[in-house]
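Participant: The following comprises the amino acid sequence and a computationally predicted model.
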Amino acid sequence: MTQLGFPHTLAQHQVGAILNAFEFFFSFYGLVLGLSVAVTATGLATAIQHRKKIQIGWLTPLLALFVCLDIASFGRMLG
């Protein structure tokens with residue numbers, strides 16, 4: 001027992017916390033999916049911000065929505 005009453009030391013706990021390759025891949029892939037949604041949202045915000053100079057119409061926001069939903073559904077399918 002440790003001073004706080006826990007049966008394991010920190011070194012013994014860290015051994016069980018090591019990620020295997022599969023868990024590392026999916027955590028990395030989740031990060032990539034999140035960054036792709038952020039880039040899509042940033043691009044859409046930039047297009048909306050410059051809408052007085054460039055006409056974007058309806059298709060650009062719908063495409064951004066479709067891409068975000070596609071990324072979200074693909075991430076849900078994996079997890």
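Facilitator: Looks like it arrived, so ask away.

Participant: give the contact list for the closest residue to I54 other than its chain neighbours.
Facilitator: The spatially closest residue to I54, leaving aside those adjacent along the chain, is A47, at 7.3 Å (C-beta to C-beta, 6 or more residues apart in numbering). Heads up, the C-betas are built off the backbone N, CA and C, glycines and all. Contact partners of A47, counting by C-beta atoms under 8 Å, 6 or more residues apart in numbering, are 54, 56, 60.

Participant: Could you say which helix or strand holds the last one?
Facilitator: This means T60. helix 59-78 (DSSP states H and E).

Participant: The first one too?
Facilitator: Under the criterion of DSSP H and E, I54 resides outside all helices and strands.

Participant: So what does it have for phi and psi?
Facilitator: phi -120, psi 130 (degrees, to the nearest 10).

Participant: On the pLDDT front, check it for me.
Facilitator: At I54, the model reports a pLDDT of 84.

Participant: That one: neighbour count?
Facilitator: If you count neighbours by other C-beta atoms under 10 Å, I54 ends up with 9.

Participant: Repeat that for the one 10 residues further on.
Facilitator: By the other C-beta under 10 Å criterion, the neighbourhood of A64 contains 18 residues.

Participant: show me what contacts the residue nearest to it when sequence neighbours are not counted?
Facilitator: Nearest residue to A64 in three dimensions, chain neighbours excluded: L44, at 4.2 Å (C-beta to C-beta, 6+ apart). Contact partners of L44, counting by C-beta under 8 Å, 6+ apart, are 60-61, 64.

Participant: Okay, L44 and L62: tell me how far apart.
Facilitator: Remark: distance between L44 and L62 (C-beta to C-beta, to the nearest Å) = 10 Å.

Participant: Report the contact partners of the residue nearest the centre of the chain.
Facilitator: The residue lying closest to the centre of the chain (C-alpha atoms, centre = their mean) is G34, at 2.4 Å. Contact analysis of G34 by C-beta under 8 Å, 6+ apart lists nothing.
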